[in-house]
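Q: sequence unknown, structure follows:
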């Protein structure tokens, strides 16, 4: 029986994704960000990390890829719409955060390299 998470390959991919998110959060903490939420899900979509620093609130998508370009291409327009919808739902549920400067970041985790944090990697989509 494979359980709720699916095949062994899918479970391994989920573990790798959680590990990448942990590394990204550690990197962002070293840069002065604090975690607001992790793995925030609503029916509209999911946000890997939500972090704050100063007056900024960043919704962060984490990608584990072999190279930077692969990480950026992996955030498709459809995925950006889902992240944007989830961010709106987060702000409705937590209105105190809506007063911050909002942005959408990407952190690319590459093997044997430091994480690459790309602030304002994409704009909100309708």
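A: Everything's here; your move. Quick caveat, the model's predicted, so the values are computed rather than measured.
Q: what's the helix or strand containing residue 120 packed up against?
A: Taking DSSP states H and E as the definition, one finds residue 120 inside strand 116-122. Applying 3 or more C-beta pairs under 8 Å, 6 or more residues apart in numbering; DSSP states H and E, we find strand 116-122 packed against helix 8-30, helix 68-73, strand 101-109. Heads up, the C-betas are built off the backbone N, CA and C, glycines and all.
Q: Quick one: closest of these to residue 57.
A: For those, proximity to residue 57 was assessed by C-beta to C-beta; strand 101-109 is nearest, at 5.5 Å.
Q: Give me the contacts around that closest one.
A: Surrounding strand 101-109, the residues in contact under the criterion C-beta atoms under 8 Å, 6 or more residues apart in numbering are 20, 23-24, 27-28, 49, 55-65, 68, 70-72, 75, 80, 83-84, 87, 91, 115-124.
Q: Of all the residues in it, which ones are buried?
A: Of the residues in strand 101-109, 103, 104, 105, 106, 107, 108, 109 count as buried by neighbour count, 16 or more other C-beta atoms under 10 Å.
Q: For my notes, please list those residues in JSON lines and give pLDDT and distance to residue 43 for each entry.
A: Converted to JSON lines, the buried residues of strand 101-109 look like this (pLDDT from 0 to 100; distance: C-beta to C-beta, whole Å):
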{"residue": "103", "pLDDT": "96", "distance to residue 43": "24"}
{"residue": "104", "pLDDT": "96", "distance to residue 43": "20"}
{"residue": "105", "pLDDT": "96", "distance to residue 43": "23"}
{"residue": "106", "pLDDT": "94", "distance to residue 43": "23"}
{"residue": "107", "pLDDT": "96", "distance to residue 43": "25"}
{"residue": "108", "pLDDT": "94", "distance to residue 43": "27"}
{"residue": "109", "pLDDT": "94", "distance to residue 43": "27"}
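Q: Can you add distance to residue 32 and give these back as CSV?
A: What follows is the buried residues of strand 101-109, written out as CSV (distance: C-beta to C-beta, whole Å):
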residue, distance to residue 32
103, 15
104, 19
105, 14
106, 18
107, 14
108, 19
109, 19
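Q: before we move on, back to that, pLDDT of the strand holding residue 120, averaged?
A: Computed over strand 116-122, the mean pLDDT rounds to 93.
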